[in-house]
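Participant: Kindly return the folded structure for what I paste below:
(chains A and B)
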Amino acid sequence: MNIDKDLVAAMATPLVLAILAEGSNYGYAILKRVRELSGGELQWTDGMLYPLLHRLERLEFIRSEWGTSDTGRPRRYYEITTAGRAQLAEQRRQWAAATRTLGGLWNLTAQGAGA
Amino acid sequence: MNDLDTRIGEWRTAVLRSRSVDAADADELEEHLREQIADLQTAGLSSSEAFLIAVGRLGEVDAVSAEFAREHSDRLWKQLAIARPAEGGRRSFVTMLGFAALAVVAIQVARLLATTSDGSASQVFGDPTGGWFLRNLGLFVLPVLAGYLAVLRRMPWPRIAGIAGLVAVVTIVINLFPYVPGSSSETLVGLHLPALLWFVVGAVYVAGELRSSARRMDFIRFTGEWAIYYTLIVLGGGVLTVLTVQVLAPIAPEAIDEVLTWVIPSGGAAGVVVAAWLVEAKKSVVENLAPVLTAIFTPLFAVMLLVSAAGYLIAGIGRRFDRELVSVFDVMMLVVVALVVYGISARGTGRGTRTMDVIRLAAVIAAIVLDLLVLVSMFLRIGDLGVTPNRVAALGLNLVLLVNLAGCAWLGVRQLATGGSGVRLERWQTSYLPVFAGWLLLVVVAISPLFSFA
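Facilitator: Next up, the predicted model:
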């Protein structure tokens, strides 16, 4: 099963912020973590992550810093800011409300179908 | 691995082709790509398989750069701020400021000399002040611009000396001539000298490669862009001046004149150098504007000229025809020559080129017909023109432009008939530049003595 593309787009911001809330990270590793968490159900064009990261940086939810990788190549690390954490908390409330709403409905339908 | 590096390099070039992705973004994407490839190779894929899959996962280059464009739309607007002060940019900026300051000093010293010479100092220049100042106006500013370009081009001293010698001769000549105060000879010199000096600027601009048609064309392009930048600077200066007057009016109305006599000449002189610097600094950054304006105005002028030519053909020239109207037609033909020159300087090979060529040719022919009608009617109906310096200058310029346009028309017809490129037309224009320069020199140094400085 693949998650619908609009839903992926809606999830992208909280997902990236939540991953960065675990600790600062860089693009490729963020995507690896996404794949790991979703068990491959969340399909993402890798290149699209970077414009998103840059947008979040412009909104000051995250900040970036250039470091070097193990092979000595330049690598850009991203780190969540206080504003980013607040944004994440807000998004979390909204997603909780959304899943609660749908969950309530679908639990009823599931029971109805089972009966 | 070497092969892989080549392919990554090619991919990087493709990514960078989009102006929305900058070098740092490309670094970030490349690092991602390399890591993905390394992971896939660890999983047992060959390097070329890994490359294909990694590129596929990263997404279509166009789609990714479109996404970058949405986030970084500012990058699609070429920045007018100087890009990198690091790579000699700061020095070029300081050089420009130095020469702009020099132009300001030159014009202000000249103005002060001219104003104080109302009384005792007037013998120094042998002329009423206004006449001397206006006659020499071009000399206060344009040699400074030439000097600036000479420094930029690192021109060798002998060449600089040659050009400077020529300017010095002209300067001495026009300041030794005993002009009748307020005479039209003097006004003519004031009008033609800046244009002549512009050709001196051109000689420096092409770094002495006077014979090169390509360099001459560069100078023509420079002239067009410079004119646009200078106009924009003057417009901005106009807004500044109006605001200054309005703001000063309530508190110090008596100071306004004093402030303006300092600010306006200084701004005008400095703008000449600043505009040249902008053209030089931005020629690779901003799309050239002169060809764009030409493309917009060529059809409009073509319609205007065709309608006017038809009108004159049907109605004949009016009874109250002003003999001095020749200068109006000079300006008209000058505009048409400019449309031709900037039209060919940006002549592409794509669709619509032929249509534009036809429109341009129509404009040229209409301008020639119109001019001939006016000239012939003038000679026939007015008969004795009375030879004055102004008329000689206006008719001479008219002739010079008429020959130029006739050449354009002939080459334009040939080009349409044979489907050739605009190279011949370009050659014609670049090789015609000395004719313009020669005519200007003639007006500046020869017409006044012929009419005993009247």
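Participant: Restricting to C-alpha, output the host helix or strand of B:Thr187 in CSV.
Facilitator: Using DSSP states H and E, B:Thr187 maps to helix B:184-205. Extracted in CSV, the C-alpha atoms of helix B:184-205 (Å, rounded to 0.1, in the frame of the first residue of the first chain):
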residue,chain,number,x,y,z
SER,B,184,24.5,79.4,-33.7
SER,B,185,28.0,78.1,-34.5
GLU,B,186,28.7,78.0,-30.8
THR,B,187,25.5,76.1,-30.1
LEU,B,188,26.3,73.7,-32.8
VAL,B,189,29.6,72.9,-31.2
GLY,B,190,28.0,72.5,-27.9
LEU,B,191,25.5,70.0,-29.4
HIS,B,192,28.0,68.1,-31.6
LEU,B,193,31.1,67.9,-29.3
PRO,B,194,29.6,65.5,-26.8
ALA,B,195,28.6,63.2,-29.7
LEU,B,196,32.1,63.4,-31.2
LEU,B,197,33.6,62.7,-27.7
TRP,B,198,31.4,59.7,-27.5
PHE,B,199,33.3,58.3,-30.4
VAL,B,200,36.5,59.0,-28.5
VAL,B,201,35.0,57.0,-25.6
GLY,B,202,34.3,54.3,-28.2
ALA,B,203,37.9,54.2,-29.4
VAL,B,204,38.9,53.6,-25.8
TYR,B,205,36.0,51.1,-25.3
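Participant: quick one: average pLDDT of that helix?
Facilitator: Mean pLDDT, helix B:184-205: 87.
Participant: same for the next helix-or-strand element following that helix, what does it pack against?
Facilitator: Where DSSP H and E defines the elements, the next helix or strand beyond helix B:184-205 is helix B:213-248. Judged by 3 or more CB pairs under 8 Å, 6 or more residues apart in numbering or on different chains; DSSP states H and E, helix B:213-248 is in contact with helix B:184-205, helix B:255-282, helix B:290-315, helix B:326-345, helix B:423-442. The C-beta positions use only the backbone N, C-alpha and C, and glycine is treated the same way.
Participant: Helix B:213-248 relative to helix B:423-442, how many degrees between them?
Facilitator: Put simply, helix B:213-248 runs at 60 degrees to helix B:423-442, going by axes from the mean of the first three to the mean of the last three CA atoms, to 10 degrees.
Participant: can you pull the buried residues of helix B:213-248?
Facilitator: B:213, B:215-226, B:228-230, B:233, B:237, B:241 (16 or more other CB atoms under 10 Å in any protein chain shown).
Participant: Just give the number of residues close to the nearest residue to A:Leu15 once chain neighbours are set aside.
Facilitator: Leaving aside its chain neighbours, A:Leu15 sits nearest to A:Val34 (6.3 Å; criterion: CB to CB, 6 or more residues apart in numbering or on different chains). The tally of other residues near A:Val34 (other CB atoms under 10 Å in any protein chain shown) stands at 21.
Participant: ok, and what's touching the helix or strand where B:Ala14 lies?
Facilitator: Here B:Ala14, judged by DSSP H and E, is contained in helix B:2-16. With CB atoms under 8 Å, 6 or more residues apart in numbering or on different chains as the test, helix B:2-16 has contacts from B:21, B:23, B:25-26, B:29-30, B:33-34, B:37, B:47-48, B:51, B:55, B:61, B:64-65.
Participant: What's the ChimeraX line that selects buried ones from those?
Facilitator: Selection of buried members from these for ChimeraX, criterion 16+ other CB under 10 Å:
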select /B:21,25,26,29,30,33,34,37,51,55,61,64,65
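Participant: And the helix holding B:Thr187, what does it pack against?
Facilitator: helix B:129-153, helix B:157-176, helix B:213-248, helix B:389-418, helix B:423-442, helix B:448-450.
Participant: centroid residue for chain A?
Facilitator: With distances taken as CA atoms, centre = their mean, chain A has A:Leu15 as the residue nearest its mean C-alpha position (1.3 Å).
Participant: May I see the buried residues of the helix or strand hosting it?
Facilitator: Using DSSP H and E, the element containing A:Leu15 is helix A:5-21. Neighbour-count burial for helix A:5-21, counted by 16+ other CB under 10 Å, picks out A:8, A:11-20.
Participant: In contact with B:Ala26: list those residues for me.
Facilitator: Counting by CB under 8 Å, 6+ apart, B:Ala26 has contacts B:12, B:15-16.
Participant: host element of it?
Facilitator: Going by DSSP H and E, B:Ala26 is in helix B:23-42.
Participant: what mean pLDDT does that helix have?
Facilitator: For helix B:23-42, mean pLDDT rounds to 89.
Participant: can you give me how far that helix is from the chain middle?
Facilitator: 46 Å (CA atoms, centre = their mean, to the nearest Å).
Participant: Now do residue 58: how many residues are near it, please.
Facilitator: Unless you meant another one, I'm taking chain A. When neighbours are defined as other CB under 10 Å, A:Arg58 has 11 of them.
Participant: that's the other chain; I wanted chain B
Facilitator: 22.
Participant: Do I have it right that it meets A:Trp44?
Facilitator: No: applying CB atoms under 8 Å, one finds B:Leu58 not in contact with A:Trp44, separated by 10.7 Å.
Participant: before we move on, the earlier item: was I right to think the residue nearest to A:Leu15 contacts A:Gly40?
Facilitator: No: here A:Val34 does not reach A:Gly40: they are 9.8 Å apart, not a contact under CB under 8 Å.
Participant: Look up the pLDDT of residue 109 for me, please.
Facilitator: In the absence of a named chain, chain A is used. 65.
Participant: ah, I was thinking of chain B
Facilitator: Reading off the confidence values, B:Val109 has pLDDT 87.
Participant: how close does it sit to chain A?
Facilitator: Here the distance between B:Val109 and chain A works out to 51 Å (CB to the nearest CB, to the nearest Å).
Participant: just the residues of chain A that are near chain B, which are they?
Facilitator: A:26-28, A:31, A:45-48, A:50-51, A:54-55, A:58, A:69, A:71, A:73-76 (CB under 8 Å from any CB of the partner chain).
Participant: change it to 7 Å
Facilitator: Counting by CB under 7 Å from any CB of the partner chain, the residues of chain A close to chain B are A:27-28, A:45-48, A:50-51, A:54-55, A:69, A:73-76.
Participant: tell me which residues in the one helix or strand B:Gly98 maps to are buried?
Facilitator: Secondary structure from DSSP H and E places B:Gly98 in helix B:90-116. Neighbour counts over helix B:90-116 (16+ other CB under 10 Å) mark B:92, B:95-96, B:99-100, B:102-104, B:106-108, B:110-111, B:114 as buried.
Participant: quick one, that helix and helix B:129-153 angle?
Facilitator: Here helix B:90-116 runs at an angle of 170 degrees relative to helix B:129-153 (the same axes, to 10 degrees).
Participant: list the helices and strands helix B:90-116 packs on?
Facilitator: helix B:129-153, helix B:255-282 (3 or more CB pairs under 7 Å, 6 or more residues apart in numbering or on different chains; DSSP states H and E).
Participant: now, of those helices, which is deepest in the fold?
Facilitator: Of all the helices and strands packed on helix B:90-116, helix B:129-153 has the most neighbours on average by mean count of other CB atoms under 10 Å in any protein chain shown, namely a mean of 21.
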